[in-house]
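S.K.: any chance you can model this:
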Amino acid sequence: MKLYIFDLDGVLVSTSENHYHAWKRMANDIGIDIDQKFNETLKGIPRDKSLERILEHGKKTVTDAEKARLLEYKNELYKKSIATLKPEDLYPGAKALLDELKTKNKAIALASASRNAPVILERLGITEYFDVIIDPATLENNKPDPEIFLKAAKTLNIKPKDAIGIEDAKAGIKAINAAKMFSVGIGYQYQLMDADITFPSISQFDLNLVERLFKT
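M.R.: The predicted structure is shown next:
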């Protein structure tokens, strides 16, 4: 059986603006200003590492207790913003691809750095498509380490060589390649040149082409 492992944000749905506005408000509250360009450097990394980058950017030093408070504050802001997500917010073509994979009896997993992924999937109405959702809190290493992808395959008893990872970030593509899986990039090819194949968006994902290339 083949396994398709999806990242979430930027692949199936966009919550980047939600993250950005939550981080920006939190940062402003402690006297740090961030913009969209800086926010791109936070893409695909866990929230504690994101906070460290913001503090370094603003040349701020805070206690561990304050870090915990800021992380909780940012997460509450983010959770409030995603409370209005609905199935219509899925990227065009995302549900059609999931339907096609299920029809063809492919295993499907989620490998997202977001601890809010289960809530987002529920809001989008696609939880039932996933055979496993990896909890990032159970991992020792973050992307570009391959741990999250390897754990998804191991959980379903599928060999890495039989798995396809789908990502929109450089760190994610590196993680998939390090796991010795077939990598599919969603986005600009020049940004994801290490991917085995790239599609501009999930709506242009060609399952037949991926399967043909995967066999070679």
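S.K.: could you pull out the helices in the chain for me?
M.R.: Applying DSSP state H to the chain gives helices spanning 16-29, 36-40, 47-57, 64-82, 94-103, 117-124, 147-155, 170-178, 207-215.
S.K.: lowest-confidence stretch among these?
M.R.: Lowest mean pLDDT within those: helix 36-40, a mean of 89.
S.K.: pull the distance from it to the chain's centre.
M.R.: 17 Å (Cα atoms, centre = their mean, to the nearest Å).
S.K.: to residue 6, which of the helices of the chain lies closest?
M.R.: helix 94-103 (8.6 Å; Cβ to Cβ). In this view, the C-beta of every residue, glycine as well, is placed from N, C-alpha and C.
S.K.: in the closest one, what counts as buried?
M.R.: 94, 95, 97, 98, 101 (16 or more other Cβ atoms under 10 Å).
S.K.: got those residues as JSON lines, with distance to residue 2 columns?
M.R.: JSON lines is the format used below for these (distance: Cβ to Cβ, whole Å):
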{"residue": "94", "distance to residue 2": "19"}
{"residue": "95", "distance to residue 2": "20"}
{"residue": "97", "distance to residue 2": "14"}
{"residue": "98", "distance to residue 2": "14"}
{"residue": "101", "distance to residue 2": "9"}
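S.K.: closest to residue 209 among those?
M.R.: Closest to residue 209, out of all of the buried residues of helix 94-103 and judged by Cβ to Cβ, is residue 97, at 12.7 Å.
S.K.: next up, the contacts around the closest residue to the closest one other than its chain neighbours.
M.R.: Distances taken as Cβ to Cβ, 6 or more residues apart in numbering place residue 205 nearest to residue 97, at 5.5 Å, with adjacent residues excluded. Residue 205 is in contact with 93, 97, 166, 184, 186, 199, counting by Cβ atoms under 8 Å, 6 or more residues apart in numbering.
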